[in-house]
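A.B. asks: Show me how the following folds:
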Amino acid sequence: MMSQSEMTATPEENSLLRARIYQLQCLFLIFPALVLARVFYFNIIQGEDLEDWSKRNIHREVLVDSPRGVIYDNQGQDLATDRLIYNFYGTPFQIPRSDLERTVTELETLTGQDYTSQSARMVYRRIRGQHVDFPGLEGLSQLEAMPILERIGMLPGLSYEVTFEREYPTGPLFSHLIGYVRPYPYFEEKDNLLPGYTLRDRIGARNLERVYESRLRGKMGTVVQRRDSVGRVVDSWTTDDKTLPGRDLYLTLDARLQAKGRDLLTVRLKEILEDYRVFLAEEVTRLEEALAQAIQRKQPTTWFENIVDTYKQKEEDLPAEPSGGCLIAMEPKTGRILTMISYPDYNPLAPSNTLDTGDSPMRVSKIFAYDMPGSAFKLVGAYGFLKNGFDPEMTVNCRKYYYIKGWNTPYRCDGTHADVNLIDAIQKSCNVYFYTIVNEYLGAERFSEAARDLGFGLPTGIDCVTTETVRPFPNLTGPGRGELLYAAIGQGKVQVSPLQVLRAYSAIANGGYLVQPRVVERIENRIDPSEGIRYDQTTSVSIHLQPLWREILMEGLWRVINEKDGTAYEVESRQRPHKQKFPKEWNAVGKTSSAEKGGQAVTNGWFVCLAPREDPIIAVLAMTDKVGHGGDFAAPLCKEWLEEYFKLYPPDFLKPSQPDRPAPEDVLAKAQ
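C.D. replies: Modelled structure (predicted):
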C-alpha cells in the first residue's frame, strides 16, 4: 500500500491537471455557445427565408394562365376565342422507382402510347428533379384529358397545367383582318421582355390581335398548391393576385357576308373565268369563219385578222386559275366595314406554314396593297374639273386617239365615242375626254390637289393595322406630260389601295365627307360591363362637295350600270349569252376599271358600286387580280354580294313605291 507522500502530486502535475480542467470547461462553454449562435442564426437572421424555403417544399405558388378576349362579329358569332387545354408532364423528383414505373404503365394503358423512353427518363431524373415531357399529352381538351384527370391521384410523378390556346372557328376567313397570336418571346426578345410579360406568354402578332393587344390580353393570376411527399397536389387556393380575362371585341363585320365574299373570290370567280374562256374560244371560231368568207369574197381582211389576233392573245393570256383579289363593303356615311376579305388568305392557327416573304398571303393583303387603279381613278379628274369651275357640258370629240404636239405616239382610248361631255365620259369611260380635261384644263397641280381632297396619298385611319402604309401622291409636275396623262386614267405613277378608292367614292355618295373606316364596334369587359367602350362617333373630313357636283357625278355613275352604253350595263360579261343586269329597283351607281401592269398580260379588274343613288347605304368594291376587265369579272362579284346583303338586311328603298330619278338633261341644266 502506497504512503500519503507517494500519492501527493508534484507541482508540474497539478499545473497540467488544472490546464486540462480549464480546457474542458472552455469546451463545455464554447459548444453551447456555438449551438446557441447557430440557433440564433437560423431562427432570427435566416428565419423568414428558411421558413419560406420550408413552405415551398410543400406549398408552391403557380402562375395561372388567363384567357384572351373573344372577338365577335356583329351578330355575336365567335371569330376568335380561347380553348381550355391540359398539358401533362412528369415530375419524378424523389419518387420511388416502382411508383414511377407504375405511373408510366398506367399512362400507356390509358392512352395506347408507348412510353418506354419516358419511363427511363423518369427513373433517371428522379434524382435531378427535371421534368419529363410526354408526347401526345399536350394540348388536350377537357374531354380528352378527363380519363387521366380521374386517376391523377393514383399517378405519382405526373403533373399537369391548365392553359389556353387561341382558336379561330371560321378558319382563314378573317385572317387578314384579325391576324393571329404567337408565343412570346421569340429568341431575340428574351433579353428584352415587355413590361408585364413572362416567358410563357402569348402576344398578338398581326392586325386586330396586335392593335388591340393591351385590351385582348388577360392578366395572369397565381394559386398556391399544397403537395404531399411524392409531389401530388392535395390542395390549392387562390391568392389576392387573381386571374382576369381579356376584354372582348365586337366588330362591325358580318361573318355571313364575309363568307359570301370569300366564296365569290374563289368558287364564283373561277366559274366566271372558265365561262369567259369558252366565250373567247367561240368568238375566235366565229371570227375565223368570217375571215375565211372575206377571203373567198376577196374583201379586205385586215380588220378581221387584227381582231382574231386580239382574241387569240386574250385567250392565250388568261390564267389557268384566278390568283385572287379582294372585296370590301362599307357604309358610306359611317365608315362601318361589313366585309373585308383578301384572297389568298392563310391559316391563323399555323401561320408559319405560309412563308412570310415576298408575295405570300401573310405579307400581302390586297386590301391595303398599292397598285394602279385604272379607270376608277377618273373620279379624281371629274371631281377636279367641277371643283375648278369648268363646264360639265363641254364636249370633247373622241376619235380613239389623243395627240400631244411634237409627240409621234398618240394616247389611245378603248373606243371611239364621238362628242362626249363629263357625264358621257364617266358612263363610257372615255380616256380621250379625261386626257383632255386633265392635260389642257386642270394641269398637274390642280389634279394632284383633287386627288388629295379625295384622300389619295393620305392614311384612311382604319383601326385594324398597327401602322398604315401610306404612299404620297406622286409628283406630276415634271417636264414631260406623259405621266400626267397616264395618271388621268389611273395608270403610270398612280399607286393607291382598294380601301382608298372605296373611301373616295363613298365621299361623293355621302355628300362630301371622307369617313374613317372602322371595324371595331365596341369593347366590353365581361367582369365589369360598365367599363365597356363604344365607337359610335363617325370621324370624317369634309371635302366641301357642292350638291350640284354630286348630282353630276352620280348621274354619270348611274349610267355606267343602267344605260346601254355603260361599261357595267351587262355585268356578267359583255357579248356573252347569259348577260345579267343590276336590278333596276336597286338604283345602283358604279364604275368599272381595268388596270394594266407592265409585264402582265391581263389586267386587274376593279368595280365600285353604291346603292341606292339618292341616299346610298352601302358601298362595295371588288378587285380581281390578273384576270381581265372589271366589267367582266369584278362587277358580277359586287352584284352577287349585294344580293346577299339585301337579303340579310332588307332596305327601305326596295319598297314598291320609289320616286323617279332625275332625267340626265335636267341634271345638266342645273349646271348652267
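A.B. asks: Residue 341: what secondary structure?
C.D. replies: strand (DSSP: H, G, I helix; E, B strand; the rest coil).
A.B. asks: my guess is it meets residue 178, correct?
C.D. replies: No. The pair residue 341 / residue 178 is not scored as a contact, 11.7 Å apart, by Cβ atoms under 8 Å. All C-beta spots, glycine's among them, are computed from the backbone N, C-alpha and C.
A.B. asks: Compare neighbour counts for the two and give me the winner.
C.D. replies: With neighbours defined as other Cβ atoms under 10 Å, residue 341 and residue 178 compare such that residue 341 has more, 30 against 27.
A.B. asks: Now do the contacts for the more buried one.
C.D. replies: By Cβ atoms under 8 Å, 6 or more residues apart in numbering, residue 341 lies in contact with 173, 176, 177, 258, 261, 262, 265, 326, 327, 328, 367.
A.B. asks: how deep is the nearest residue to residue 100 once chain neighbours are set aside tucked in, by neighbour count?
C.D. replies: Among residues not flanking residue 100 along the chain, residue 122 sits closest, at 4.5 Å (Cβ to Cβ, 6 or more residues apart in numbering). Using other Cβ under 10 Å, residue 122 has 25 neighbouring residues.
A.B. asks: mind checking how far residue 122 is from residue 106?
C.D. replies: 12 Å (Cβ to Cβ, to the nearest Å).
A.B. asks: Could you pick out the longest helix of this structure?
C.D. replies: Determined from DSSP state H, the single longest helix within the chain is helix 11-40.
A.B. asks: what's next to stretch 429-436, contact-wise?
C.D. replies: The contact list for stretch 429-436 (Cβ under 8 Å, 6+ apart) reads 375, 378, 381-382, 396, 398-402, 411-415, 417, 420, 422, 424-425, 485, 488-489, 560, 567, 591-593.
A.B. asks: Pull out the buried members of these.
C.D. replies: Buried subset of the contacts of stretch 429-436 (neighbour count, 16 or more other Cβ atoms under 10 Å): 375, 378, 381-382, 396, 398, 402, 411, 413, 417, 420, 422, 424-425, 485, 488-489, 560, 567, 591-593.
A.B. asks: Show the contacting residues for the residue nearest to residue 100.
C.D. replies: In this structure, residue 122 makes contact with 90, 92, 100, 101, 103, 104, 132, 157, judged by Cβ under 8 Å, 6+ apart.
A.B. asks: hmm, try it at 7 Å
C.D. replies: By Cβ atoms under 7 Å, 6 or more residues apart in numbering, the residues touching residue 122 are 90, 92, 100, 104, 132, 157.
A.B. asks: just residue 622 next, same as before
C.D. replies: Per Cβ under 7 Å, 6+ apart, neighbours of residue 622: 325, 327, 607, 634, 637, 638.
A.B. asks: Against residue 595, how distant is the fourth one?
C.D. replies: When you say that, I think you mean residue 634. Separation of residue 634 from residue 595 (Cβ to Cβ): 11 Å.
A.B. asks: Could you list the buried residues of the lengthiest strand in the chain?
C.D. replies: The longest strand of the chain (DSSP state E) is strand 78-90. Residues of strand 78-90 classed as buried: 79, 80, 81, 82, 85, 86, 87, 88, 89, 90 (neighbour count, 16+ other Cβ under 10 Å).
A.B. asks: Same question for stretch 152-171.
C.D. replies: Residues 155, 156, 157, 158, 159, 160, 163, 164, 166, 168, 170 are the ones in stretch 152-171 that count as buried (16+ other Cβ under 10 Å).
A.B. asks: Stretch 517-532 too?
C.D. replies: For stretch 517-532, by 16+ other Cβ under 10 Å, it's 517, 518, 519, 520, 521, 523, 524, 525.
A.B. asks: Selecting buried members of the contacts of residue 341 in PyMOL, what would you type?
C.D. replies: Listed next is the PyMOL selection for buried residues among the contacts of residue 341, using 16+ other Cβ under 10 Å:
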select buried, resi 173+176+177+258+261+262+265+326+327+328+367
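A.B. asks: Just the contacts of residue 341: which are in strands?
C.D. replies: Per DSSP E, these map to strands at 326, 327, 328.
A.B. asks: Out of those residues, which is nearest to residue 495?
C.D. replies: Residue 495 has its nearest neighbour among the ones in strands among the contacts of residue 341 in residue 326, at 15.5 Å by Cβ to Cβ.
A.B. asks: Please list all residues in contact with the nearest residue to that closest one once chain neighbours are set aside.
C.D. replies: In this structure, residue 326 finds its nearest non-sequential neighbour in residue 366, 4.0 Å apart by Cβ to Cβ, 6+ apart. By Cβ under 7 Å, 6+ apart, the residues touching residue 366 are 324, 325, 326, 342, 498, 623, 625.
A.B. asks: What values do phi and psi take at residue 366?
C.D. replies: Backbone torsions for residue 366, taken as degrees, to the nearest 10, come to phi -70, psi -20.
A.B. asks: Would you check how far apart it and residue 623 are?
C.D. replies: From residue 366 over to residue 623 the distance is 6 Å, taken as Cβ to Cβ.
A.B. asks: Mind listing the shared neighbours of the two?
C.D. replies: In contact with both residue 366 and residue 623: 325, 326, 498, using Cβ under 7 Å, 6+ apart.
A.B. asks: correct me, but the last one touches residue 365?
C.D. replies: No. If you go by Cβ atoms under 7 Å, residue 498 and residue 365 don't touch, sitting 9.9 Å apart.
A.B. asks: So the two - more neighbours on which side?
C.D. replies: The neighbour comparison of residue 498 against residue 365 (other Cβ under 10 Å) goes to residue 498, with 27 against 24.
A.B. asks: need the contact list for the residue lying closest to residue 219 once chain neighbours are set aside.
C.D. replies: Distances taken as Cβ to Cβ, 6+ apart put residue 244 closest to residue 219, at 4.1 Å, once the chain neighbours are dropped. Residue 244 is in contact with 66, 218, 219, 527, counting by Cβ under 7 Å, 6+ apart.
A.B. asks: Quick check: buried residues in the helix or strand hosting residue 282?
C.D. replies: Assigned by DSSP states H and E, residue 282 falls within helix 269-296. Residues 269, 272-273, 275-276, 279-280, 283-284, 287, 290-291, 294 are the ones in helix 269-296 that count as buried (16+ other Cβ under 10 Å).
A.B. asks: quick check, nearest of those to residue 251?
C.D. replies: For these, the nearest to residue 251 is residue 269 (25.0 Å; Cβ to Cβ).
A.B. asks: my guess is that closest one contacts residue 324, does it?
C.D. replies: No. Taking contacts as Cβ under 7 Å, residue 269 lies outside contact range of residue 324: 8.5 Å.
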